[in-house]
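*Asks:* Take this sequence and fold it.
(chains A and B)
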Amino acid sequence: MKITNGKDFWAGVMFIAFGLGFMIVARNYAMGNAVRMGPAYFPTALGGILVVLGAVVFLRAFVSKVAHPLRVFPFRLWYVLAGLALGVAAYYTQPTRDAIMVWQIGHVLLAGLAVGLMFAAFGERSLWVILFSVVVFGYALKPLGLVMATGLLVFISAWGGHEFRWKEVTIMAAVLAAFSVASFVYGLGLPMNVWPSIWE
Amino acid sequence: MEALFHNLGIGFAVALTFQNIFYCLMGCLLGTLIGVLPGIGPVATIAMLLPVTFTLNPTSALIMLAGIYYGAQYGGSTTAILVNIPGESSSVVTCLDGYQMARQGRAGPALGIAAIGSFFAGCVATVIIALFAPPLAEVALKFGPAEYFSLMVLGLIAATVLAHGSLIKAIAMVILGLLLGLVGTDVNSGVARFSFGVSELSDGIGFVSVAMGVFGFAEIIANLEQKEHREIFTKKVSNLLPSLQDFKDSWASILRGTALGSFLGILPGGGALLASFAAYTLEKKVSKNSANFGKGAIQGVAAPESANNAGAQTSFIPLLTLGIPSNPVMALMIGAMMIQGIAPGPQVMTERPQLFWGMIASMWIGNLMLVVLNLPLIGMWIKLLMVPYRILYPSILVFCCIGVYSISNSPFDVMQTAAFGVVGYIFVKLECEPAPLILGFILGPLMEENLRRAMLLSRGDPLVFFQRPISLTMLLIAAFLLVVVLAPTVRKKREEAFVEA
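*Replies:* Predicted coordinates:
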C-alpha cells in the first residue's frame, strides 16, 4: 500500500476530521427522535455521511492513478504549537482597562505574534502576510482610525507580493486611505473613526 | 399575455425612476470593472457590497447587485479576448478563439460580436424570466416541506454534478457546507450549537466571511503565488463593428448560445459558467468546419458569450420563484434579501410586485446600458488592464476589509474572514471546489427546518418524501443525475470537457 495521491489523502483526512468533530460536539445536545428532531439529529446524520465520504476519498488516495506528493504545501507544526502556546498565554494575561500603556501595547504585540505564527505555519509567504495584514487591519481600525489602518493594510500586504517599491506603495496607501475616508465615512456614513480614537 | 404586459409595465415604472437607473448603472459599471479585472469576481464584489446595500431600499439594492453579475459577464470577455486570461471564470472558453482573433488583428469584431451576442441573449433571457417565473412561483406556492427538502437535495446534487473535479469531493464539500451552516442558535430548541461559547458565533458564521474568505482572499493568495505575466496584444482597438460576413457567420451561434444558456441557467447548479462551456462544446459539434475552432472562429466567441449572459440572468428564476440559489452569486443575493428583511420564495412575486418586476425590467435596461457604454468605453477598460496586479490586490483587500468590518463593526468578522481565507487556501491546494460548500452553507438551516417539518407532519415516516409525486420526481431526477455522472463513459466525457476548457 502506497499513497499515490497526496491531495486526496489530506482531503480525506480533513473530511473525516470535520465529520467526527461535528458528531462529537453534537453529543452535547439533545438528539430527539425522527418525529421531533433535537438539535443534534441533523448534524449527527450529516457528520456521519461526511465521515463515510471522507473515508472513500481517503482510500482512493491509495489506488488513485493521479500522482501528487504527500507534501501538498509546506506546513510547519512547530509554528502552530508555538502560536497556540502564545495565544493561550495572551488569553490568560489580558490587561485590565487601567493597566499601564506599555503592557497594553506589549499584550497586543504578543497576541499579534501568536496569530502571525499560526498563519506563518503554512510556508507560503503570500498566504500568511496577506492574512496577517487583514487581521492587523481588523484590530487597528478602532484604536488607530481608518487612515492608519488602511496604511498598515496596504504596506503589509504589499510586502507579501513579489516586488515592493517604497514610493509606489506609499502613494497607493495615501490614495486608498483618502478614497476610503471620502466614500465610506463621508459618502456612505459608515460609523468609523478617521483618526486614532484618543485624538478625538 | 395581458397580465404579462401589465406586470412589465409595473416593472419599467419602477426601474425607470432616476434612483434605480442610477443604481443599475452603478451595478453595471462595477460589474464590468471587476469582470475586466482578473483576480476578483462577482462573488467577492457582491460580498464586499452586501453591508453597504443595507442603507439602500431593497429594490435598488437588488437591482445594483444583479447588475454586477451580468455586467461581469460583459467585462469578462474583454480580458479574455485582449489578454488571453479570463477576467471571469465564465469567459474561460472565450479565450480560446477570442484571443486568436485579436492576434489576427480582429479584436474589434470579437469584442463587438461578444457585446451584441450578450445583448441579444440578455433581452431574450429577460423575456424568459417574465414568462416563466409567474407559473413556476404558482407551482412553488403549493410546495410543502417535503417538496422543499427534495428540491434542495436536487439543487445540491445538481450543483455537485456540474462542479469541476471529483464528484465525491464535491458532495463532501456540500455536506461540510451544510454543517457549517448549522453553526449558531437552533431555531427550535434555542440551543447555541457549535459556538464553543463564543457569543459572536451564536448568530451563526457570517455568510460574507465565508464567501469572502474562501473566494476573495484565497484567490488573491493563489494569484500571488504565481508569477504574473500579462500580455496585452491589442493596445488600440479600432472598428468594433463586425462585418456583414461576421454576422452571417455568427447569428446562428448567438441563437443557439442564447437558447442553451437560458435553459442551463434555470437548472439548479447552473449559471453563467456552465452555460459558456456547454455552448462552446455544442458550437464545435454542429460547426461544419470545426477545425477552425481555437484558431479564431467568430462562432467560438459569439456562442459562449451569449450563453453566459443568458445563463447569468435565467439563474435568477429559481431564486425569485423558489427561493433556492443555484450558484454562489445567487446565494449572496439571498443573503442580500435577508438583510433587507425579505424572505426569498414564491411569495415575493405576489407580495412585492414592485421589487420582482422592477428587478426584471432593470435587467433589460442594464443590458442596453452595457452595450451603449461598453463599446465606446473599451479604451478605458484596456487602460485598466495595464494596471499591474501588485497595485490591484492591496486595493481589493482594502475594500474587502472595510466591507467585512462594517457588518458588525467589530474585529471579529475580520478575524473570521481571515480564518476562512486559510481554509479556502487549503481547499484550493487539496483540489476541493468551494462553490458547492457555499451553496450548502446557505441551504443548511433551511434544509434542516424543512426536514423537521416534513417528518413531524408524517409522524416520523421517511417514506413521505417518496409518496408525494413532486417530491418523488425531484429525488428521482437527483438520483438519475448521480447515476449518469457515475457511469464510466459520461464520467470520462465530463473530465475531458473540463480539462479541455
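*Asks:* did I read that right, residue A:3 in a strand?
*Replies:* No. The assignment for residue A:3 (DSSP: H, G, I helix; E, B strand; the rest coil) gives coil, which keeps it out of a strand.
*Asks:* Could you verify my assumption that it touches residue A:9?
*Replies:* Yes. Counting by Cβ atoms under 8 Å, residue A:9 is a contact partner of residue A:3 at 5.2 Å. Where C-beta positions appear, they are placed from N, C-alpha and C, glycine not excepted.
*Asks:* what's the burial count for residue A:65?
*Replies:* 6 (other Cβ atoms under 10 Å in any protein chain shown).
*Asks:* Mind checking if stretch A:189-200 is in reach of chain B?
*Replies:* Yes. Contact of stretch A:189-200 with chain B (Cβ under 8 Å from any Cβ of the partner chain) involves A:189, A:190, A:191, A:192.
*Asks:* Are any of the residues you listed buried, and if so which?
*Replies:* A:190, A:192 (16 or more other Cβ atoms under 10 Å in any protein chain shown).
*Asks:* Specify which member of the residues of stretch A:189-200 next to chain B is nearest to residue B:326.
*Replies:* Nearest to residue B:326 among those: residue A:190, at 31.7 Å, using Cβ to Cβ.
*Asks:* So the closest one sits against residue B:404, correct?
*Replies:* No. Checked against Cβ under 8 Å, the pair residue A:190 and residue B:404 is beyond contact range at 11.9 Å.
*Asks:* I'd like to check which residues are in contact with the residue nearest to residue A:37 when sequence neighbours are not counted.
*Replies:* Of all residues beyond its chain neighbours, the one nearest residue A:37 is residue B:452 (5.0 Å), with distances taken as Cβ to Cβ, 6 or more residues apart in numbering or on different chains. By Cβ atoms under 8 Å, 6 or more residues apart in numbering or on different chains, the contact set of residue B:452 is A:37, A:42, B:145, B:188.
*Asks:* Surely residue B:452 is within a strand?
*Replies:* No. Using three-state DSSP, the assignment for residue B:452 is helix, not a strand.
*Asks:* Next SSE downstream of the helix-or-strand element of chain A with minimal mean pLDDT?
*Replies:* Within chain A, no helix or strand scores below helix A:101-120, which has a mean of 78 by mean pLDDT, DSSP states H and E. Sequence-wise, the next helix or strand downstream of helix A:101-120 (DSSP states H and E) is helix A:125-159.
*Asks:* That next one to helix A:101-120, inter-axis angle?
*Replies:* Computed with axes from the mean of the first three to the mean of the last three Cα atoms, to 10 degrees, the direction of helix A:125-159 lies at 130 degrees from that of helix A:101-120.
*Asks:* who has more neighbours, residue A:3 and residue A:9?
*Replies:* residue A:9 (22 against 16).
*Asks:* after the host helix or strand of that one comes which helix or strand?
*Replies:* Residue A:9 is part of helix A:6-26, with elements assigned from DSSP H and E. For helix A:6-26, the following helix or strand on the C-terminal side (DSSP H and E) is helix A:41-63.
*Asks:* related to what we said a few turns ago, any common contacting residues for residue A:3 and residue A:9?
*Replies:* Shared contacts of residue A:3 and residue A:9 (Cβ under 8 Å, 6+ apart): A:61, A:70.
*Asks:* picking up where we left off before, and which of the residues of stretch A:189-200 next to chain B is nearest chain B?
*Replies:* Distance to chain B, by Cβ to the nearest Cβ, is smallest for residue A:190 among the residues of stretch A:189-200 next to chain B, at 5.0 Å.
*Asks:* Checking that closest one next. Helix, strand or coil?
*Replies:* Here residue A:190 is recorded as coil under three-state DSSP.
*Asks:* so what's it up against?
*Replies:* Per Cβ under 8 Å, 6+ apart, neighbours of residue A:190: A:184, B:402, B:406.
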